[in-house]
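Trainee: Structure for the following, please:
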Amino acid sequence: MKGAYRVVVETKKIKYDFQIKRNITIFTGDSGSGKTVLIDLIRDYRRYGSDSGVLISCGCSLRTLDNEDWEYQLKGISESIIFIDEGNRFLVTKKFAELVIGSDNYFVFATREKLPMLPYSINEIYGFRKCGKFQKVKQTYNEIYHLYGEISETADIEPALVITEDSNAGYEFFLELSAKKNIKCISAKGKSNMIKSLLENKSVGGKRLLIADGAAFGSEMKDVSEYLLVEGDIVLYAPESFEWLLLSANVIPDINSMKILKQPENDIDSKEYASWEQYFTKLLTNKTKGNPVWRYSKKKLPNVYLSAKVVSAIKRFMKLIIWD
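Mentor: You can find the predicted model right below:
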């Protein structure tokens, strides 16, 4: 399944209007914020159609899954957006995660829990809030908004320590970039180790900069963002992935990927790629495999990617972070 889909679900009293564009989307928020109501409305429409009093507009089918026979139900659904509430016990199981990865459906999970077995983006975690009423009608509009951004600060940042989630190519690049300014750079060796790495380097004075692959860091965002609020002097920078960063800098010869980067959802098939991080890695690898100088490897970064030309382009792209 590819593409972005506008979803409108409404009754005479309430309206939801949002867009889904990845294989996994998270709706979160306190009890009573409207998550379960949305799923109930979709379920009612599937059962009773127009007699439910629910109106739905979307370019594909909207479905729901319940505890009973969920696996059987899922195997019979294709090319749909499937909504699942947090009350369903199967949501946190390994079996369910295995079926989600490689599915030709999109999934929307209404949950406050982290789902560590699934690679979902920080950009597809949304909160709910009531936005008021439409003029002249008594219909409440529930706004769905991004909880997290690519970077956790909006002012210029001069890091004293850099911690990368990556331990391969991305770490090699930021290690070199940090060394030029005598900044310590370490690898957390995995997204679940970020807070541990912060604790081990708590004595470092100045800003500590965390760099993570945002396309698959969603399960860690709640814990990391809460830690950032408590500790202070910590900044999270989470672009889609290191490969996305290289492609976005537009500095690699004979690669014109700007059209793809503008709307990746039109090219990324949910059945083939568990996360956009995987897609950008394959895109960069395939685009450079015929060039012995620029042939990209995630395990070992070719020297050309540490050249002044590439380093300068990445610095310019990472606008809020001061490397000079």
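
Trainee: those strands in the stretch 101-250 of the chain, which residues are they?
Mentor: For the stretch 101-250 of the chain, the strands defined by DSSP state E, counting those that start in this stretch occupy 106-110, 125-133, 140-146, 159-164, 184-187, 207-211, 234-237.

Trainee: ok, residue 223 touching residue 114?
Mentor: Yes. Under the criterion of Cβ atoms under 8 Å, residue 223 makes contact with residue 114 at 7.2 Å. For glycine as for every other residue, the C-beta is placed from the backbone atoms N, C-alpha and C.

Trainee: For these two, indicate the residue with more neighbours.
Mentor: Taking neighbours as other Cβ atoms under 10 Å, residue 223 and residue 114 compare with residue 114 leading, 16 against 13.

Trainee: ok, and the closest non-adjacent residue to that one?
Mentor: Distance criterion Cβ to Cβ, 6 or more residues apart in numbering; nearest residue to residue 114, sequence neighbours excluded, is residue 219 at 4.6 Å.

Trainee: which residues touch the one you found?
Mentor: Neighbouring residues of residue 219 by Cβ atoms under 8 Å, 6 or more residues apart in numbering: 114-116, 118-120, 191.

Trainee: I'd like the residues you listed written out as TSV, with distance to residue 279 and pLDDT added.
Mentor: Listed next are the contacts of residue 219 as TSV, based on distance: Cβ to Cβ, whole Å; pLDDT from 0 to 100:
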residue	distance to residue 279	pLDDT
114	23	90
115	20	93
116	21	92
118	16	95
119	11	95
120	14	95
191	18	94
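
Trainee: gap between residue 7 and residue 22?
Mentor: 13 Å (Cβ to Cβ, to the nearest Å).

Trainee: for residue 94, same thing?
Mentor: Distance from residue 94 to residue 22, by Cβ to Cβ: 21 Å.

Trainee: When these two are compared, which one has more neighbours?
Mentor: Higher neighbour count among residue 94 and residue 22: residue 22, with 21 against 8, using other Cβ under 10 Å.

Trainee: What number of residues are in the vicinity of residue 285?
Mentor: 14.

Trainee: nope, residue 241 is what I meant
Mentor: 26.

Trainee: doesn't residue 214 make contact with it?
Mentor: Yes. At 7.5 Å, residue 241 counts as touching residue 214 under the criterion of Cβ under 8 Å.

Trainee: Can you pull the poorly scored residue ranges out of the stretch 1-150 of the chain?
Mentor: 32-33, 130-142 (pLDDT under 70).

Trainee: Check the stretch 201-324 of the chain too.
Mentor: Of all residues in the stretch 201-324 of the chain, none has pLDDT under 70.

Trainee: As a check, name the ranges of all helices in it.
Mentor: With helices called from DSSP state H, counting those that start in this stretch, the stretch 201-324 of the chain shows them at 218-231, 242-248, 258-262, 276-288, 308-317.

Trainee: just those: most buried one?
Mentor: Comparing those by mean neighbour count (mean count of other Cβ atoms under 10 Å), helix 242-248 comes out on top with a mean of 23.

Trainee: got a list of contacts for that helix?
Mentor: With Cβ under 8 Å, 6+ apart as the criterion, helix 242-248 contacts 166, 169-170, 173, 213, 215, 239, 252, 255, 257, 261, 276-277, 280-281, 283-284, 296, 298, 305, 310, 314, 317-318.

Trainee: how much space between the closest residue to residue 305 other than its chain neighbours and residue 227?
Mentor: The spatially closest residue to residue 305, leaving aside those adjacent along the chain, is residue 173, at 6.4 Å (Cβ to Cβ, 6+ apart). According to Cβ to Cβ, residue 173 stands 25 Å off from residue 227.

Trainee: Against residue 319, how distant is the residue nearest to the spatial centre of the chain?
Mentor: Geometric centre of the chain, nearest residue: residue 121, 1.2 Å, by Cα atoms, centre = their mean. In this view, residue 121 and residue 319 are 21 Å apart by Cβ to Cβ.
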